[in-house]
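Participant: how would this look folded up:
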Amino acid sequence: MQNYQLAVIGGGPGGYTAALRAAALGLKTVLIEKEKLGGTCLHHGCIPTKTLFHCAELYGKLKKAGEFGFSTGHVGFSYAKIQERKASVVSSLAGNLSRLLKKAGVEVVGGTARFLSSDLIEVETAGGEKRRLGAGKVILAPGAREIFPPVPGIDLPGILTSREALELKEIPASLAVIGGGVIALELASIFASFGCDVTIIQRSILLRREDREMVRRLTPYLRRQGIKIMTETALGNIALAEDGYILTVNTKRGDETLRFGAVLVAVGRGPVTDGMDLEMAGVKYSDKGIAVNQYMATNVPGIYAIGDAATPGYFLAHTAAHQGMVAAENAAGLNSVFHDKAIPVCIFTQPVMARVGLTEEEAKEQGYDVQVGKFPFSANGKAFLQDEADGIVKIIADGKDGPVIGVHILGPHASDLIQEGTLAVAAGIRVPELMDLIHPHPTLSEAFWEATLAIGKSPLHLEHW
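Facilitator: Down below sits the predicted model:
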């Protein structure tokens, strides 16, 4: 039996970040992963999704190249080639990750881990071999898995989850997307961009955690792509048809029957807490995840939990990575704290939507002196010249001269622009300080600056357009 100062269970963004940080701090570290290094994010989530999104975005730009003076002729695509590109990206990043861990001195063990006690772990390989590891401290990063609504037919052959949808070799003629969250909308946008007839079926509202105004602004853009949106619609059952599936749904008008070539279930993800024998280590958990404090520590001294499996779950790769840093540093004897005041969220629809901090609804509920500034990208020179003028920047402050408490961006490169908002919210930067910050011209970032001016009702360029 080998002994380690730290064992990390799970090799996704949280787990491998924790392992790298722990090794950098001098801990003898082992990383246990039952599938592939990089986890869902690298192989079945963030990276493959954004690779396909980029290809869809590029396809749209090529089709509009004539507006910029380019003669491209017929613009087509090979989805099989696009999938090859995606596989190449994933393979390259996975290889880089393996080399990083090896160079850092982290031992990687493939297999399923379970506790024999709070400091003893058994790993079973895919071939059935068992190995015992002693661990002074442990970081749990088992991630999450898809959840399924209790609907008859949801387990029929061929029903897709995001994992299978990302592996399709050709675009289906029609697709029902069950769910209205981030994964559902991103995949709906990708498939619609490549010509699929997409219908979103959602029991309640779209993106229920996001600012309602921003969701209302996003919805017409989704419909403009040809995506049909059925909210407040309950899925009754799914049945096989000769050429796909028949869905029975209940709307305000009553029951309806719909036909689709493919069905994607994307109603959400839940924490993985089974299979590790957490009871043997005495770790407390529930169906919501593993309970942790601000140090990412569980109820058992020396055992930490991070990422999707930790409570509360954020289900964001970058949050898991940050929590991994915190947990590793505390395992090494430092005193690091996880702060959730400024966690950016990016939704890769077309256009992209991003936010950090409070929504307008949350700010009002919490009693802030809510002041809002908005500026459309249609009045931003860089967005206009790029023909990417859809969307808006919305900034929420606590008083006209108070700190920024929320930033919401819908538009070009929103996922990059949101970082200025993240810094503003995290540091409690006040509106006048942002007004005085010089933004380069011509850039999309000027829309952020103009939105701060709009809190004082004085944006410079809005009336000129």
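
Participant: Let me see the ranges of the helices in the stretch 301-450 of the chain.
Facilitator: 317-331, 360-365, 381-385, 414-427, 431-435, 446-455 (DSSP state H, counting those that start in this stretch).

Participant: swap in the stretch 151-300 of the chain?
Facilitator: 162-165, 182-193, 212-224, 278-281.

Participant: Please list all residues in contact with the residue nearest to residue 52 when sequence neighbours are not counted.
Facilitator: Counting by Cβ to Cβ, 6 or more residues apart in numbering, the nearest residue to residue 52 once its immediate chain neighbours are dropped is residue 190, at 5.1 Å. All C-beta atoms are positioned from the backbone trio N, CA, C, and that covers glycine. Residue 190 is in contact with 49, 52, 53, 56, counting by Cβ atoms under 8 Å, 6 or more residues apart in numbering.

Participant: Let me have the helices of the stretch 301-450 of the chain in TSV, extended by mean neighbour count.
Facilitator: Output for the helices of the stretch 301-450 of the chain, formatted as TSV (neighbours: other Cβ atoms under 10 Å):
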stretch	mean neighbour count
helix 317-331	25
helix 360-365	16
helix 381-385	16
helix 414-427	20
helix 431-435	18
helix 446-455	24
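
Participant: Pull the number of nearby residues for residue 76.
Facilitator: 8 (other Cβ atoms under 10 Å).

Participant: and it, what does it touch?
Facilitator: Neighbours of residue 76 in contact, by Cβ under 8 Å, 6+ apart: none.

Participant: got a pLDDT number for it?
Facilitator: On pLDDT, residue 76 comes in at 94.

Participant: From residue 257, how far off is the residue nearest to residue 52?
Facilitator: Residue 190 is 27 Å from residue 257, where distance means Cβ to Cβ, to the nearest Å.

Participant: try residue 66
Facilitator: 41 Å.

Participant: wait, what's in contact with residue 462?
Facilitator: 375, 376, 379, 450, 454.

Participant: bridging residues for the nearest residue to the second one once chain neighbours are set aside?
Facilitator: By the measure of Cβ to Cβ, 6+ apart, the closest residue to residue 376 outside its immediate chain neighbours is residue 392, 4.8 Å from it. Under the criterion DSSP bridges, residue 392 forms beta bridges with residue 376, residue 410.

Participant: Correct me if wrong: residue 392 contacts residue 377.
Facilitator: Yes: between residue 392 and residue 377 a contact is recorded at 6.6 Å, counting by Cβ atoms under 8 Å.

Participant: How far off centre is the biggest helix by length in the chain?
Facilitator: The single longest helix within the chain, with elements called by DSSP state H, is helix 79-104. The chain centre lies 19 Å from the centre of helix 79-104; the measure is Cα atoms, centre = their mean, to the nearest Å.

Participant: Let's test this: mean pLDDT of the helix or strand that comes right after that helix, rounded?
Facilitator: Reading on from helix 79-104 to the C-terminus, the next helix or strand found by DSSP states H and E is strand 107-110. Strand 107-110 shows a mean pLDDT of 97.

Participant: Which strands or helices does strand 107-110 pack on?
Facilitator: Under the contact criterion of 3 or more Cβ pairs under 8 Å, 6 or more residues apart in numbering; DSSP states H and E, strand 107-110 touches strand 29-33, helix 79-104.

Participant: Could you look over these and pick the most buried one?
Facilitator: strand 29-33 (a mean of 27; mean count of other Cβ atoms under 10 Å).

Participant: And the contacts of the very next helix or strand once past it?
Facilitator: Downstream of strand 29-33, the next assigned helix or strand under DSSP H and E is helix 39-44. Applying Cβ under 8 Å, 6+ apart, the contact partners of helix 39-44 are 10-13, 15-16, 33, 35-36, 47, 90, 93-94, 97, 143-144, 162-163, 166, 317.

Participant: now do stretch 366-377
Facilitator: Contacts of stretch 366-377 (Cβ under 8 Å, 6+ apart): 358, 360, 363-364, 383-384, 388-400, 402, 405, 411-412, 431, 444, 447-448, 450-456, 459, 462.

Participant: so how far is stretch 38-47 off the chain centroid?
Facilitator: On Cα atoms, centre = their mean, the centre of stretch 38-47 falls 10 Å from that of its chain.

Participant: Restricting to C-alpha, output that stretch in CSV.
Facilitator: Taking Å, rounded to 0.1, in the frame of the first residue of the first chain, the C-alpha atoms of stretch 38-47 are listed here in CSV:
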residue,chain,number,x,y,z
GLY,A,38,-10.5,16.5,-17.7
GLY,A,39,-13.9,15.0,-16.8
THR,A,40,-17.2,16.1,-18.3
CYS,A,41,-16.0,19.6,-19.0
LEU,A,42,-13.2,18.5,-21.4
HIS,A,43,-14.8,15.5,-23.0
HIS,A,44,-18.6,15.9,-22.8
GLY,A,45,-19.3,19.5,-21.9
CYS,A,46,-17.6,22.9,-22.0
ILE,A,47,-14.8,22.3,-24.6
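
Participant: tell me the average confidence for it?
Facilitator: Per-residue scores along stretch 38-47 average to 97.

Participant: my guess is residue 117 contacts residue 279, does it?
Facilitator: No: checked against Cβ under 8 Å, the pair residue 117 and residue 279 is beyond contact range at 11.0 Å.

Participant: What is the nearest of the contacts of residue 462 to residue 262?
Facilitator: residue 376 (36.2 Å; Cβ to Cβ).

Participant: can you count the residues close to the closest one?
Facilitator: Close neighbours of residue 376, defined as other Cβ under 10 Å, add up to 21.

Participant: Ok, residue 305 next?
Facilitator: Quick note: residue 305 (other Cβ under 10 Å) scores 30 neighbours.
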